[in-house]
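Undergrad: Next comes the sequence, and after it the predicted model I'd like to discuss.
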Number of protein chains: 2
Amino acid sequence: MFSQAEENYLKAIYTLQNNHGMAINTNLIAKKMNTKASSVTDMIKKLSVKKLLTYKKYQGVKLTVKGKKIALKVIRKHRLWEYFLVKKLNYRWDEVHEIAEQLEHIKSETLIDNLEAFLNHPKFDPHGDPIPDKDGNIMLTKTVNLLKLKVGQKGILDSLKDSSDVFLKYLNKKNLALRDRIKVIDIEPFDNSIHIETKTHQLVISKKVAENINIKI
Amino acid sequence: MFSQAEENYLKAIYTLQNNHGMAINTNLIAKKMNTKASSVTDMIKKLSVKKLLTYKKYQGVKLTVKGKKIALKVIRKHRLWEYFLVKKLNYRWDEVHEIAEQLEHIKSETLIDNLEAFLNHPKFDPHGDPIPDKDGNIMLTKTVNLLKLKVGQKGILDSLKDSSDVFLKYLNKKNLALRDRIKVIDIEPFDNSIHIETKTHQLVISKKVAENINIKI
DNA sequence: AAAGAGATTTAGACTTGTCTAAAAATATAT
DNA sequence: ATATATTTTTAGACAAGTCTAAATCTCTTT
């Protein structure tokens, strides 16, 4: 089996790889993991020995099929536990991340599948991200960044790039939630701020906010 | 906060203290924790510095009030998670221990209380052991060891001293479960084996089995 | 009260995961 | 193409938790 640290690195590298495509460099991982580049190098070597990623000095890393599989298992656990916390224990979506970070490392051959059945096989976690199935298949929803939309275009708020507490709290305050249908009313060329409309209200969001929101058209 | 290792030691010492009363010696802890006496000494020193137990060289240890409180918190978590696993995820009582050993260390100020509410404030775990409340109060049910019963006496199977997998499987096989009402039919003086009767059947259990069963009269 | 047995502690070592500081490699700019 | 900046790696250290082997203490027996 793999240690919590190893699992966390794999998960981090997986998400970086998904956003960036190419080989992931040390500094990027260090930033994501909130640690030092030297620590990343150390861990990378271990994971490379275990054939979970390929690594050439100074060239960054890429997950192997095996490494990806493990990352997806951890992500599956994380998202199912988040769903449990929100749906059964009445947490808000902006409260569950830290606890799920711990629960995702519980070791058991059967636990997560039993939990999934208990939750009635949900397909998305509370942040709108797809939950990988037992075999590591993940439903990749095609979405575009909100910044890409033109004036007049409509879409559904699908998922977030940034799941930080501050950002989630911001969305709550502005009455924006996943699955909300939105329409772009106007785009201000000066600062790229976007005037949008939901079923219930209108508001202006900054470029920074928009680039962290993905829209399903 | 405390590490998993520290929590495990506190829990082990608490249960030993409850069964034995007086100061707990190093070897006993080592056996319970499945580790070496020297490791126990090392950890004991750390816990002593943190005022979780009192320790005089060669004299064994005793939990402080603070140490007991933490042990009870861990036990509370363990038992509530066990209840969840059995009642919600349909595990058998002999399958949940290992998973609960991990879940009991999840850190959160609110999680366990929310879980308790979700489970409707159960008072006993699937092994019949009382679940400590939020403040660490534990309902101590007065029970006697099955060995203490005389011929003809009746009682209810309340809890187990040994919760090992083998023992639980044995009880399942013999169709004995918590809350079963039993009656002592005969005691064999030669080997202290006990002939008992339940609502559904009769059977003979060895001294070793009997001494691991507590009865509420 | 001395000896031997058993329990406990110490000393030193190892593993995992981390860090700092310095060295080496790569990328960028003129 | 050379100097400079940035990134990455190495070397050596540390903390937590564990271990083995040796030393020390306590208890029991005679």
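TA: Received it, and whenever you're ready, just let me know what you need. Every value quoted in this text rests on a predicted model; they were computed, and no experiment measured them.
Undergrad: Please make it C-alpha for all contacts and neighbour counts, starting now.
TA: Fine.
Undergrad: Hmm, A:Asp191 is touching A:Lys207, no?
TA: Yes. Taking CA atoms under 8 Å as the definition, A:Asp191 is a contact partner of A:Lys207 at 7.1 Å.
Undergrad: Those two: who's more crowded?
TA: A:Lys207 (16 against 9; other CA atoms under 10 Å in any protein chain shown).
Undergrad: For that one, give me its contacts.
TA: A:147, A:191-194 (CA atoms under 8 Å, 6 or more residues apart in numbering or on different chains).
Undergrad: got a winner among those for most neighbours?
TA: Neighbour max across the contacts of A:Lys207 (other CA under 10 Å) = A:Ile194, 24 neighbours.
Undergrad: How much space separates the closest residue to that one other than its chain neighbours from B:Val96?
TA: Ranked by CA to CA, 6 or more residues apart in numbering or on different chains and with sequence neighbours excluded, the top spatial neighbour of A:Ile194 is A:Ile187, at 4.6 Å. To B:Val96, A:Ile187 is 56 Å away according to CA to CA, to the nearest Å.
Undergrad: okay, the residue in chain A sticking out farthest from the centre: pLDDT?
TA: Centroid-distance maximum for chain A: A:Phe190 at 30.3 Å, with CA atoms, centre = their mean. At A:Phe190, the model reports a pLDDT of 85.
Undergrad: does it count as helix, strand or coil?
TA: Under DSSP: H, G, I helix; E, B strand; the rest coil, the three-state class of A:Phe190 is coil.
Undergrad: Please determine how far it is located from chain B.
TA: Distance, A:Phe190 to chain B, by CA to the nearest CA, to the nearest Å: 45 Å.
Undergrad: Please spell out which residues along the helix or strand where A:Lys73 lies are buried.
TA: According to DSSP states H and E, A:Lys73 maps onto helix A:65-87. By neighbour count with 16 or more other CA atoms under 10 Å in any protein chain shown, helix A:65-87 contains the buried residues A:67-86.
Undergrad: Which strands or helices does that helix pack on?
TA: Applying 3 or more CA pairs under 8 Å, 6 or more residues apart in numbering or on different chains; DSSP states H and E, one finds that helix A:65-87 makes contact with helix A:4-20, helix A:97-103, helix A:111-118.
Undergrad: is it possible to export those to a markdown table including mean neighbour count, distance to DNA strand D and mean pLDDT?
TA: Output for those, formatted as a markdown table (neighbours: other CA atoms under 10 Å in any protein chain shown; distance: least, CA to the nearest atom of the strand, whole Å; pLDDT from 0 to 100):
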| stretch | mean neighbour count | distance to DNA strand D | mean pLDDT |
| --- | --- | --- | --- |
| helix A:4-20 | 18 | 13 | 90 |
| helix A:97-103 | 18 | 16 | 97 |
| helix A:111-118 | 17 | 24 | 98 |
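Undergrad: Quick one: name the residues of chain A near chain B.
TA: Where chain A comes near chain B, counting by CA under 8 Å from any CA of the partner chain, the residues are A:88-89, A:99, A:102-103, A:106-108, A:114-115, A:118.
Undergrad: when you check DNA strand C, which of the residues you listed turn up near it?
TA: Residues of the residues of chain A next to chain B in contact with DNA strand C (CA under 7 Å from any atom of the strand): none.
Undergrad: Which residues are in contact with A:Glu188?
TA: A:Glu188 makes contacts with A:194-195, as judged by CA under 8 Å, 6+ apart.
Undergrad: Torsion angles phi and psi at it?
TA: Main-chain dihedrals, A:Glu188, degrees, to the nearest 10: phi -90, psi 110.
Undergrad: For A:Val151, see how far away it is.
TA: 10 Å.
Undergrad: Over to A:Thr200?
TA: Distance from A:Thr200 to A:Val151, by CA to CA: 19 Å.
Undergrad: Those two: which has the busier surroundings?
TA: Neighbour count, other CA under 10 Å: between A:Thr200 and A:Val151, A:Val151 has more, with 14 against 9.
Undergrad: Remind me which helix or strand the more buried one belongs to.
TA: Here A:Val151 is assigned to no helix or strand, by DSSP H and E.
Undergrad: if we can go back for a sec, let me see the mean pLDDT of the helix holding A:Lys73.
TA: 97.
Undergrad: so that helix versus helix A:111-118, what angle?
TA: 40 degrees (axes from the mean of the first three to the mean of the last three CA atoms, to 10 degrees).
Undergrad: Could you check helix A:65-87 against DNA strand C for contacts?
TA: No. Applying CA under 7 Å from any atom of the strand, one finds helix A:65-87 separated from DNA strand C by no less than 14.7 Å.
Undergrad: That helix vs helix A:4-20, what angle?
TA: 90 degrees.
Undergrad: Show me how far helix A:65-87 is from its chain's centre.
TA: 10 Å (CA atoms, centre = their mean, to the nearest Å).
Undergrad: Output it as PDB - backbone C-alpha positions only.
TA: Only the C-alpha atoms of helix A:65-87 are listed here, as PDB (Å, rounded to 0.1, in the frame of the first residue of the first chain):
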ATOM      1  CA  VAL A  65      -1.000   4.300 -15.900                       C
ATOM      2  CA  LYS A  66      -0.600   2.800 -12.500                       C
ATOM      3  CA  GLY A  67       0.100   6.100 -10.900                       C
ATOM      4  CA  LYS A  68      -3.000   7.600 -12.500                       C
ATOM      5  CA  LYS A  69      -5.100   4.700 -11.300                       C
ATOM      6  CA  ILE A  70      -4.100   5.300  -7.700                       C
ATOM      7  CA  ALA A  71      -4.700   9.100  -8.000                       C
ATOM      8  CA  LEU A  72      -8.200   8.400  -9.300                       C
ATOM      9  CA  LYS A  73      -8.900   6.100  -6.500                       C
ATOM     10  CA  VAL A  74      -8.000   8.800  -4.000                       C
ATOM     11  CA  ILE A  75     -10.000  11.300  -5.800                       C
ATOM     12  CA  ARG A  76     -13.000   8.900  -5.900                       C
ATOM     13  CA  LYS A  77     -12.800   8.500  -2.100                       C
ATOM     14  CA  HIS A  78     -12.400  12.300  -1.600                       C
ATOM     15  CA  ARG A  79     -15.400  13.100  -3.600                       C
ATOM     16  CA  LEU A  80     -17.700  10.400  -2.200                       C
ATOM     17  CA  TRP A  81     -16.800  11.400   1.300                       C
ATOM     18  CA  GLU A  82     -17.500  15.000   0.500                       C
ATOM     19  CA  TYR A  83     -20.900  14.000  -0.900                       C
ATOM     20  CA  PHE A  84     -21.600  12.100   2.300                       C
ATOM     21  CA  LEU A  85     -20.600  15.000   4.500                       C
ATOM     22  CA  VAL A  86     -22.900  17.400   2.600                       C
ATOM     23  CA  LYS A  87     -25.900  15.100   2.000                       C
END
